[in-house]
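Novice: Just the structure for this:
(one chain, ligands or ions: 1)
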Amino acid sequence: MKAAVIEKQGGIENIVYRDWPDPEPGANDVIVRVKACGLNHLDIFVRRGMPGFPVPMPFISGGDIAGEICAVGDDVSDWAVGDRVTLNPDTHEGMIGEQLIGGLAEMVRVPVQNLVKLPDNLSFETGAAIPINYGTAHRMLFHRGRLSAGETMLVLGASGGVGIASVQYGKMVGAKVIAAAGSAEKCEKLAALGADFTINYAEEDFSAATWKISEKKGVDVVVNFTGGDTWAPCLRTAKPGGRVLTCGATAGHSPETDLRYIWVRELDVLGSNSYSQNDVAKSVAYAAEGKLDPVISDVLPLEKTGEAETMMEDRAFFGKIIIRP
Ligand SMILES: NC(=O)c1ccc[n+]([C@@H]2O[C@H](COP(=O)([O-])OP(=O)(O)OC[C@H]3O[C@@H](n4cnc5c(N)ncnc54)[C@H](OP(=O)(O)O)[C@@H]3O)[C@@H](O)[C@H]2O)c1
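Specialist: Got it, this is the predicted structure:
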């Protein structure tokens, strides 16, 4: 098969479109013919290298996968060749696209218990835009963050995959959503998606703007997977007893903090990691019911994976970048 292979860790030039051996199913696996694979910031971290998380090279990243089953293992009975599927990439053997060979390829091996049926009314592109972003947001906002109707939530990096999922989930449950992103155009699109307020943090101090929007009360929930120099100012936006949620650190994992806000306002700083089968399956079901509408930014062919990752690194996208083998 053809694949976008990371030959060694480093820059974009290390992604090579080339032949790779076809995957073989184990007894409880299926092989999925990939129709669409969504990019995540994780793909960039896997390619660049993450301290403490060695990835065997050469490697194929890509965990957000939708496609059709093209082969089944000997013990598989509930799934058949031709079934439309998406999947939960967090398997008992490791994460597909991080520890296991991923879906930026024509085919991928998937343990059967990680499959999620892709309803007929969802395209493969939409199917590939759901699992990681909406699964992550579902766990972070509801299981960890206990977000509920009527609460106010600030989302930083709201224009990306997890960001848009957080905005849409916030609106779905009746929260008031302040969406912060890096350009006026992205803010306009977030308003069109239903964000109650938007902040362009390329031009405005998001911390001061949020304080003003909240009428100097602060917000109930802050979603911050950016880290870096957004961390300390985001603590200032939370109201007494507020929850600050993090699932990542795109701009730096060892930020400066300001402990005063944490103790004086008795803030809960809550980490959230990964997602369960249920988080993914529920997200797919909500999309099929029309309660969530994943935003596709761009669709590129597999041989342009490097170009697509550059778009992500340059923040030149809104929503999900999809690769089509
Ligand atoms: N723990 C988990 O299980 C888990 C699961 C999924 C994702 N994550 C993490 O969550 C974060 C977001 O993931 P994602 O796939 O949604 O990423 P993404 O699509 O690249 O979105 C990140 C957004 O953050 C904004 N941003 C702010 N500062 C940035 C910077 N220095 N570099 C790049 N973007 C910056 C960008 O929007 P603007 O241009 O509008 O500012 C960008 O669209 C990542 O750190 C990822 O590793 C963790």
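Novice: With adjacent residues omitted, what lies nearest to Gly102?
Specialist: Leaving aside its chain neighbours, Gly102 sits nearest to Gly62 (3.7 Å; criterion: CB to CB, 6 or more residues apart in numbering). (C-beta placed from N, C-alpha, C; glycine too.)
Novice: doesn't Ile323 make contact with the one you found?
Specialist: Yes: Gly62 is within contact range of Ile323, at 7.3 Å (criterion: CB atoms under 8 Å).
Novice: Can you work out which residues contact both of those two?
Specialist: Common neighbours of Gly62 and Ile323 (criterion: CB atoms under 8 Å, 6 or more residues apart in numbering): 4, 37, 39, 104.
Novice: Which element, helix or strand, includes the first one?
Specialist: Mapping Ala4 onto the secondary structure by DSSP states H and E places it in strand 2-6.
Novice: how about the CA coordinates for that strand, as CSV?
Specialist: Provided in CSV are the C-alpha atoms of strand 2-6 (Å, rounded to 0.1, in the frame of the first residue of the first chain):
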residue,chain,number,x,y,z
LYS,A,2,1.0,3.7,-0.2
ALA,A,3,1.5,5.7,3.0
ALA,A,4,2.8,9.0,4.3
VAL,A,5,5.8,7.6,6.1
ILE,A,6,7.8,9.5,8.8
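Novice: Walk me through which strands the next helix or strand after that strand pairs with, and which way each runs.
Specialist: Using DSSP H and E, the next helix or strand after strand 2-6 towards the C-terminus is strand 15-19. Next to strand 15-19 in the sheet, as set by DSSP bridges, lie strand 2-6 (antiparallel).
Novice: how about the strands in the stretch 101-250 of the chain?
Specialist: 107-111, 115-117, 152-155, 176-181, 197-200, 219-223, 238-246 (DSSP state E, counting those that start in this stretch).
Novice: looking at this, Leu300 is in a strand?
Specialist: Yes: counting by DSSP: H, G, I helix; E, B strand; the rest coil, Leu300 is found in a strand.
Novice: Can you list the buried residues in stretch 110-122?
Specialist: Using 16 or more other CB atoms under 10 Å as the test for burial, stretch 110-122 gives 110-112, 114-116, 118, 122.
Novice: Next, find the distance separating Trp263 from Val85.
Specialist: Separation of Trp263 from Val85 (CB to CB, to the nearest Å): 47 Å.
Novice: residues contacting Glu188?
Specialist: Going by CB under 8 Å, 6+ apart, Glu188 touches Thr198.
Novice: ok, now with 7 Å
Specialist: Contacts for Glu188 (CB atoms under 7 Å, 6 or more residues apart in numbering) come out as none.
Novice: Tell me the confidence at it?
Specialist: Looking at Glu188, its pLDDT stands at 98.
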